[in-house]
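Colleague: Quick one: sequence and predicted model below, then my questions.
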4 protein chains.
Amino acid sequence: MAIEGRSEGTRAGGPIRLGMVGGGQGAFIGGVHRMAARLDGEFQLVAGALSSDPERARRSGEELGLASERNYGSFAEMAKTEAARGDGIEAVAIVTPNHMHYPAAKAFLEAGIHVICDKPLTSTVADAEALAAAVRASGKLFILTHNYTGYPMIRQARAMIADGVLGKLRVVQAEYPQGWLTEKVEDTGAKQAVWRTDPAQSGAGGCIGDIGTHAYNLARFVTGLELESLAAELTSFVPGRRLDDNAQMMLRFKGGARGMLWASQVAPGNENSLRLRVYGEKGGLEWFQEDPNYLWFTPHGASRQRITRGGEGAGPAAARVTRVPSGHPEGYLEGFATIYAEAARAIRAARGGGKPAADVIYPTIADGVEGMRFIDAAVRSSRAGGAWTSL
Amino acid sequence: MAIEGRSEGTRAGGPIRLGMVGGGQGAFIGGVHRMAARLDGEFQLVAGALSSDPERARRSGEELGLASERNYGSFAEMAKTEAARGDGIEAVAIVTPNHMHYPAAKAFLEAGIHVICDKPLTSTVADAEALAAAVRASGKLFILTHNYTGYPMIRQARAMIADGVLGKLRVVQAEYPQGWLTEKVEDTGAKQAVWRTDPAQSGAGGCIGDIGTHAYNLARFVTGLELESLAAELTSFVPGRRLDDNAQMMLRFKGGARGMLWASQVAPGNENSLRLRVYGEKGGLEWFQEDPNYLWFTPHGASRQRITRGGEGAGPAAARVTRVPSGHPEGYLEGFATIYAEAARAIRAARGGGKPAADVIYPTIADGVEGMRFIDAAVRSSRAGGAWTSL
Amino acid sequence: MAIEGRSEGTRAGGPIRLGMVGGGQGAFIGGVHRMAARLDGEFQLVAGALSSDPERARRSGEELGLASERNYGSFAEMAKTEAARGDGIEAVAIVTPNHMHYPAAKAFLEAGIHVICDKPLTSTVADAEALAAAVRASGKLFILTHNYTGYPMIRQARAMIADGVLGKLRVVQAEYPQGWLTEKVEDTGAKQAVWRTDPAQSGAGGCIGDIGTHAYNLARFVTGLELESLAAELTSFVPGRRLDDNAQMMLRFKGGARGMLWASQVAPGNENSLRLRVYGEKGGLEWFQEDPNYLWFTPHGASRQRITRGGEGAGPAAARVTRVPSGHPEGYLEGFATIYAEAARAIRAARGGGKPAADVIYPTIADGVEGMRFIDAAVRSSRAGGAWTSL
Amino acid sequence: MAIEGRSEGTRAGGPIRLGMVGGGQGAFIGGVHRMAARLDGEFQLVAGALSSDPERARRSGEELGLASERNYGSFAEMAKTEAARGDGIEAVAIVTPNHMHYPAAKAFLEAGIHVICDKPLTSTVADAEALAAAVRASGKLFILTHNYTGYPMIRQARAMIADGVLGKLRVVQAEYPQGWLTEKVEDTGAKQAVWRTDPAQSGAGGCIGDIGTHAYNLARFVTGLELESLAAELTSFVPGRRLDDNAQMMLRFKGGARGMLWASQVAPGNENSLRLRVYGEKGGLEWFQEDPNYLWFTPHGASRQRITRGGEGAGPAAARVTRVPSGHPEGYLEGFATIYAEAARAIRAARGGGKPAADVIYPTIADGVEGMRFIDAAVRSSRAGGAWTSL
C-alpha cells in the first residue's frame, strides 16, 4: 500500500523561502495557504505583510514567529526590502481580498519574485490584463490557487478525458452551491461575508466571482473545452445585498458541447457542494468535492464504477499527486498543498534556470484572465436580461 | 409499524371497470399501468383496444384474459360499444404514443367515460387545448399520469412548502438525466426509442417532451410556483436524430424565484436520475427519484435531516399514500399506483354524483395543457437561439 | 427499455383462487400479502378467516368485499368448507402470529390446499418438524414468504455466487438492525410490538425470530452455504422485555467460511437496515435492503461496480423477476410479489399435475425448518453463555 | 466561515525538535508521520535513524535534508548522541515494525526524550508492560498514534456520548475491513505485506493487531466503555499465511453493553472501511472513516441527522481540532496531524514543567497496553475454539 515513487522533494538548496501578503489574524484563507505550504516541507515562511492594518500585521507576524525585521507593515516595503536581501524570499503568496491582488502581485513581480496568488485573479478585467502583462514582462512564475485542480481524482478525470475515454464531449454540468449567505450575515460584521459582498473589494461579481469561477475553472481544467458564449442570470436574493448570491447560466462550448453552471450562496443544506459531471459519446464521469476521493465512471453500456484515489483504476496523473493509500481520505488541504507542491517543482526548476517537467500542472495567469472574462461576461449577460454573450 | 387508517378501499359497488387503449405486446408503459391499477385492488381490467394493429391487439387481449367480445380492434369501436353496455367500462387508461392521446381521449370522454391518460398530454398545443375543451364539455374526470407526483416524499415536500417550512422560495433546480439514447438505438428498431425520436408520434419535443415535462411538472407540483418565462437550449447530439436528446434551460418563476432544468438522454451513468432541489429563505429540500423514500431537509442553521417515508418527520400528506412501514422501500410502481388510487377515489365519488375529498390529488387536464405549453415554449426559445420566451 | 420476455401470466384457467388466514383490521402483514398477490394479477382473494376474533374477522372480510358465505369465523371451518366447494380456494395465505402457523397450515394441507405461509415457520422446532411431515404427507405445495429472496438483486447475487464469480467463499456478514423497540412500546398496546415480544405467540426467539431469521435465510439463500455451528449472545436490553431485542452471533459454515450476524430492534437510526456482504477468493458483493436496486460488486483487483436492477451487468436470474426498467426503483412490495409470482407458477404447474420450471425459486418448508433450528440453536447457545452450538 | 480561536501555535521557543526512528525509503507510515508533524508547523525534523539498514538510513536522511552528523545508523547511537547535545531532539517518532517499538522507545525514554510511537504498542504483552514501566520511570510523555482518534467527528461523537446524548449505551458495532491481502501478496515481496504477515515482526496477531486494534481503540475512545471479555475467531484464509487475515469477535463490556468487532484483510471492495456504530437508550451514532467529515446522529423518535465537521451541530470538542470550514473535507492526514498537534501542546507544557490543558487528548501508554491485552485475549480465545476470554 505504499505510494511508490513519491519523494518528499529533493532538499537540494533547502526549502523555498516564502513570503505572504494578507492572511493575518481573523483571516481564513491565509492559514490554509500556510498549511498547504508546510505539508510537503517544500516551503519556509520567512517574511510577511500580513494585514493592511500595520499593527495587526505586526501582531500576526509575531504569532507566526517571523523575525521582526521581516515582519512588514506593507507589501510595498516587503517587496523592496526582500528583493535587496541575499536571502530574500523567492516566492510570495498573496491572500488578500481580490482588489489587492493586482497591486501586490505587480510589486513582487517587478521585484523579481515569483507569485502564488489566490483567486479570482483581480477585481476587474482591466487589472487582470495589466497583471498578465506584468507577468510576461517579469519572466517570473505566476501560480493561481484554483485549489480544486489539485485533487487527485480531478487529475484523473482530466487525464481520462484527454485520453479520449469519454469520446467527444457533449454535456458539462458544473455547480457549486453553498448556504451560508442565506441570511444577511454581512450586517453582523462577519469578516468573510463583509468583503465578499462588497463590490469595492470583490469586484462586480459576488457569488459568481467567489465560487462560480471555481466551478468554471474546474470544468475547463477537466474537459479542456473552451467557452464560446454564455447566458446568465445573476440574482441577489437577500434584500439589500449588493452583489449576486445566486448565479445560473447556460454554456456553449466551442466544438458543440453544451453546459450549465449553477453557483449559489443561498442554498441551505449545501456547504461546499462543488460538483462536476461530464458526458461524452462513450461514457460519463461524475465527481463531488465533499467526497473527493471517489470518481464515478460509467462507460456507456457498462456498470457505473467507483475509481478511488490510490486504488484500482487510478492512473499516473492521480498517483503523482497522491500522498496516502486508497481508503484513507485526502481532503481540501491536500489538494491545496498540491498546488504548492507543483509550484515548488516549478520554482526549483527556475532556480536552475530551467523549465518544470511536462507533468507539472498548475493554474496560470492565463487561467486567471480567462476567469475574469468569465465573470465579466456573466455580469454583462445578466445585465442584458440573460442574453447570450461572448467572452 | 402498522400503517394506521389506510383502507384497501371500501369495495362498495365492487372494483371500478377499466378499459385500456394501447399497451399490447412489446409495449412498456401499458404493463406498468396494469400493475398500478391492480396493486390496491380498486380496478378490474375488463376491456381493451391494446394495439393499433388489430391482430396484435387481439393476441394481447387474449394473453391478458379479456373476454373476446371486449377485446377490441380499435378504440373507436371500444368507446362506442362499452358506452352501450350496462356493465361497460367506467374509465379508460390511454397508454399509446403521444399523438394518439387526443383522438382516443376525446372518443371516450364523448362516450361518457372517465379518462386516465399517460403524459405528455398530446403531441401539439392545439390538441391539448382541444382536449381540455372536450374534458370541460364532458363533465368527466381526466387524470394525467405524471406518476412521480404519487411518491409519498413528493407529497411530503409539497406539504412542507405549502406550510411555509422553507419560507419564500428562491431557487428551484430540477433535472432528469438518462443515458439510454447515447447511441442511435432507434436505428436498431428498439420500439421505445423509435417512437420517442419520431416527431410524428412524439410531437416537436424529444427529450424535453418525454422526460423534461416530468421534471417540470414535478417542480410545479412540489413548489406551487408558476413559470413566467424560460430560455432553452435543445440539442440533438446523436447525428441524424430527429428530436432533441438534451435539454437545458433557465427558468423565471412568477414572484421572483429562479430555476434551472436539465433533461438528457445522452448522459451515461444515469438511468432515471430525476432530482429536485428547492431552496427558500428558511431552508432547503432535496429529493432523488432513484432513492425515493428519503427526503433531505435542512432548516437554515441546523443539520441536514433525512425524513423517511413512514418514519419520523413524515406527516399526513405522505402517510395517506404510504403502503408499508418505513425502511421497506416503496418504488416506482407504488407511486404510479397512487395515481390510480387517487383516480379511484375520485371515480367512486363521481359514482355517487359527488366530488372527491379535498385531499385527493392527481395531475389534471390543466397540468397537461401547461406541460404542452412548456414544451412549446422550450422549442420556440431554442429555435430563437435560446431567447427568453414566455409560456 | 422494455423488459422483454416477461409475461403477466398466461391466464389459462383464470386467476388462482386464494384464501387468507389472519390479516384482518389492525394487522400489517396481511395487507402486504394481499398487495403482493394482486400485483401480477395471478391471484384472486375469494375467502378468508381474517381474525381469531370472529366479529373482527367478519368486519374485515366485508371491508375486503368477500362474499359473506366465504367470510369465515375460523380457519378450521374455512378449510373444511372450501375443500368441499367445486370452486374452493386452491391456495391459502397464512399471516397470523407465529404460533398459529402450524395448526392452520396443517388444516389446509390436510384439506388438499396449497399453503403460502409467513415466517418464521412456527413457534417451536417440534411444530416445524410436524409441519414438515404434514407437507410431505399432503403432496401439496408449501411456500414460505421469506420475501427478501424475491428482490431481483438478491437473485443476481445468488446467481453470481453459484456461477463462481466470487470463487470459494470466505466471509459472510449479515445484519438486520431496527430501532423501533428502543423503548417498551409493547406496554402501550401497540399490536405489532405486543405479539412479537410475547413468547406464547412468537416462540423462544424475539428479535432473532422476527428478523434474525430473515438475515440468516438471506445469507443461506445467496451463498448456498450450510451452517455448522454458531455462538450467540441474545440480549433483552429493555427492562422487563420478555424476549431478546438484540442478537449477535458468530457463524461457522461447512467448508470453512466464517460469518457474523447481528439483528437488533434497539438500534435507533435503523429502520429495516438488512444488509448482506459476502467475500470470496475472487471478489466481494454487498447489498442493502433500503436501497435494493443496487448490487455492489468488486472483482478483486478492480474497481467497485454498481450493478443495477434491469441495467448493465444484471443477468437472467434478476431479469425474470424484474418488472420495470432500471432506474425506476422496485421495492419491498415487488420483492414480496415475486414470492407470490413464483408460487403462482408452481401452482399453475401443479394444476396440470406437473412440476414448476427449474428456474422457479421460492423458500420451502425445508428452509422453514432450518430457520427454526437456527433460532433454537441461537437460544441454546445464548443460554449456555454464548457457547459454540451445532444446529 | 472562519474557524475562530484556532491558533497555529504560539511559536514561543520555536518549533519542537523531532527525531525519527524508521520511516526510510520504501516505508509508508514514516512519510505520514512527517506530513502530520509538518502540517501545523509545530515540529522540525532534525535527526533520524531511518532504517535498520545503515546505508539505507543514510540515504534516506540525505533525501530528507538531515545534517549528516544527525543522520544516524542506529537508534541507540541517536538516543545517546542527541541526549548529549544542547540542541538535541525533544521528542522522537518511532515508526518501525511493531517488534522494534519497545527497544527503541525504551532507549529514548531513558535518554530523557519524549516518545511518539506508532501502534500497536509492541509485539508482545510482556514488552508492553515493560514499556509502561519504562514510561513511568522516565517521567516523559508517551503518545501512541491511534490516529483515528484525531478525526474531529470522532471527538464530536465521544463528547456527545460523554454528555449523555445517547443515554446508557447498549450496542457497539465496530468493523475495519480491507481487501488488499485477498491474495498472497507477501510472496511477491511487497514490503508492507511482508512484515505485517510475519509473526517475528508483527507479534501473534496479524489482521487483529494491524487494524483490529484500531477498531477496538476507537470503540473504547468514543464510548468510554471497558471490555470485560470477548469470544474471537481468527482465521487465516489465504493458504500458507502465517497470521490471521480475518478476525471476528463478540464483545461484552462492563455495565452490560454488547458489541461485535470485525476486522478483515480479505474483503475485496473495502479499502480502509473502518466503521463505528453506537446505540444507546436515547439514540444512535454512526461514523465511517472513508467519509469522515460526517457523523450521523439519530435521537430515538426523530429523523436521522448529518452533523458535519465545522457545521451546525458540531460542538467545541470537534471545533478545537478542526482546521478548515465545513464542506471542505479534512482527511486522514489532518486526523493524524491532530495527534501531533496534541503532542505538541503536551510537550510545550512540559517544556515549562507544566501539564497540558485538560482538553488535550491523545492515546497513551495505557491505551497501548490495553490494546496489546486485547490482541492477546483475541488470540487466546481463538486458540481455545472461540471461548469467552477475559482480558
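Modeller: Ah, there it is. A quick note: this is a predicted structure, and the numbers were derived from the prediction, not measured. Numbering: from 1, shown residues only, chains lettered A, B, ... in the order given.

Colleague: From here on, just use CA atoms for contacts and neighbour counts.
Modeller: OK.

Colleague: which ones are touching residue A:249?
Modeller: A:230, A:231, A:232, A:233, A:260, A:261, A:262, A:378, B:250 (C-alpha atoms under 8 Å, 6 or more residues apart in numbering or on different chains).

Colleague: Give me the secondary structure label for the third one.
Modeller: With DSSP: H, G, I helix; E, B strand; the rest coil as the basis, the three-state label of residue A:232 is strand.

Colleague: Now do the contacts for residue A:360.
Modeller: Residue A:360 neighbours (C-alpha under 8 Å, 6+ apart): A:342, A:345, A:346.

Colleague: Closest one to chain D out of the residues you listed, please.
Modeller: Taking C-alpha to the nearest C-alpha as the measure, chain D sits nearest to residue A:345 out of these, at 15.6 Å.

Colleague: Just after the host helix or strand of residue A:126, pick out the following helix or strand.
Modeller: In this assignment (DSSP states H and E), residue A:126 forms part of helix A:125-138. As assigned by DSSP H and E, the chain's next helix or strand after helix A:125-138 is strand A:142-144.

Colleague: Show me what that next one is in contact with.
Modeller: So strand A:142-144 is in contact with A:114-119, A:121, A:135, A:343, A:362-365, A:367-368, going by C-alpha under 8 Å, 6+ apart.

Colleague: quick one: which of those sit in strands?
Modeller: Assigned to strands by DSSP state E, the following of the contacts of strand A:142-144 qualify: A:114, A:115, A:116, A:117.

Colleague: helix/strand/coil for residue A:79?
Modeller: helix.

Colleague: nearest spatial neighbour of it, skipping sequence neighbours?
Modeller: Once flanking residues are discounted, residue A:79 sits nearest to residue A:108: 5.4 Å by C-alpha to C-alpha, 6 or more residues apart in numbering or on different chains.

Colleague: Over to residue A:129?
Modeller: Nearest residue to residue A:129, sequence neighbours excluded (C-alpha to C-alpha, 6+ apart): residue A:369, at 6.5 Å.

Colleague: Just confirm the one you found contacts residue A:125, I think it does.
Modeller: Yes: counting by C-alpha atoms under 8 Å, residue A:369 sits close enough to residue A:125 to count as a contact (7.1 Å).

Colleague: More neighbours: those two, which one.
Modeller: Neighbour totals were compared for residue A:369 and residue A:125, and residue A:369 leads with 23 against 20 (other C-alpha atoms under 10 Å in any protein chain shown).

Colleague: Torsion angles phi and psi at the residue positioned nearest the centre of chain A?
Modeller: Nearest to the mean C-alpha position of chain A, by C-alpha atoms, centre = their mean, lies residue A:146 at 1.3 Å. Note on residue A:146: backbone dihedrals following degrees, to the nearest 10 are phi -80, psi 80.

Colleague: So it versus residue A:192, what's the distance?
Modeller: Computed as C-alpha to C-alpha, to the nearest Å, the residue A:146 to residue A:192 distance reads 18 Å.

Colleague: Ok, residue A:89 next?
Modeller: Taking C-alpha to C-alpha, one finds residue A:89 at 28 Å from residue A:192.

Colleague: Of the two, which one has the most company?
Modeller: Neighbours were counted for residue A:89 and for residue A:192 using other C-alpha under 10 Å; residue A:89 has more, 26 against 17.

Colleague: For the residue nearest to the more buried one when sequence neighbours are not counted, give me the pLDDT.
Modeller: Distances taken as C-alpha to C-alpha, 6+ apart put residue A:17 closest to residue A:89, at 4.7 Å, once the chain neighbours are dropped. As predicted, residue A:17 sits at a pLDDT of 97.

Colleague: Neighbouring strands - and their directions - for the helix or strand hosting residue A:17?
Modeller: Here residue A:17, judged by DSSP H and E, is contained in strand A:16-21. When pairs are called by DSSP bridges, strand A:16-21 turns out to pair with strand A:43-49 (parallel), strand A:91-94 (parallel).

Colleague: can you pull out the strands in chain A?
Modeller: A:16-21, A:43-49, A:91-94, A:114-117, A:142-144, A:169-177, A:227-235, A:246-253, A:258-264, A:275-280, A:283-288, A:294-299, A:304-308, A:389-390.

Colleague: low-scoring pLDDT stretches of chain A, where are they?
Modeller: Applying pLDDT under 70 to chain A flags the ranges A:1-12.

Colleague: Any residues of it in contact with chain B? List them.
Modeller: Chain A has residues A:170-171, A:179, A:182-183, A:237, A:248-250, A:259-260, A:266-269, A:279-285, A:297-301, A:303-304, A:386-388 near chain B, with proximity defined as C-alpha under 8 Å from any C-alpha of the partner chain.

Colleague: closest to residue D:72 out of the strands of chain A?
Modeller: Of all the strands of chain A, strand A:43-49 sits nearest to residue D:72, with 24.8 Å by C-alpha to C-alpha.

Colleague: For the closest one, give me every contacting residue.
Modeller: Contacts with strand A:43-49, where a contact means C-alpha under 8 Å, 6+ apart, come from A:15-22, A:34, A:37-38, A:57, A:61, A:66-67, A:70-75, A:78, A:89, A:344.

Colleague: In CSV, list the C-alpha atoms belonging to that strand.
Modeller: Extracted as CSV, the C-alpha positions of strand A:43-49 are listed here (Å, rounded to 0.1, in the frame of the first residue of the first chain):
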residue,chain,number,x,y,z
PHE,A,43,8.5,26.0,1.7
GLN,A,44,9.6,28.0,4.7
LEU,A,45,7.6,31.1,5.6
VAL,A,46,10.2,33.8,6.4
ALA,A,47,8.5,37.1,5.7
GLY,A,48,5.1,38.7,5.7
ALA,A,49,3.0,41.7,5.3
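
Colleague: hang on, the residue nearest to residue A:89 packs against residue A:93?
Modeller: No: at 10.9 Å, residue A:17 does not count as touching residue A:93 under the criterion of C-alpha under 8 Å.

Colleague: before we move on, the earlier item: any idea which of the ones in strands among the contacts of strand A:142-144 has the most stuff around it?
Modeller: Busiest of these [other C-alpha under 10 Å] is residue A:117, holding 29 neighbours.

Colleague: check contacts around it.
Modeller: Contacts of residue A:117 by C-alpha under 8 Å, 6+ apart are A:93, A:94, A:95, A:101, A:105, A:142, A:143, A:144, A:145.

Colleague: Could you export these as CSV, including neighbour count?
Modeller: Shown next, in CSV, are the contacts of residue A:117 (neighbours: other C-alpha atoms under 10 Å in any protein chain shown):
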residue, neighbour count
A:93, 28
A:94, 31
A:95, 28
A:101, 24
A:105, 28
A:142, 26
A:143, 25
A:144, 24
A:145, 29
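
Colleague: Show me which of those is closest to chain B.
Modeller: The closest of these, once distances to chain B are taken by C-alpha to the nearest C-alpha, is residue A:95, at 28.4 Å.

Colleague: on that earlier part again, I figured the residue nearest to the centre of chain A hits residue A:116, correct?
Modeller: No: if you go by C-alpha under 8 Å, residue A:146 and residue A:116 don't touch, sitting 10.6 Å apart.
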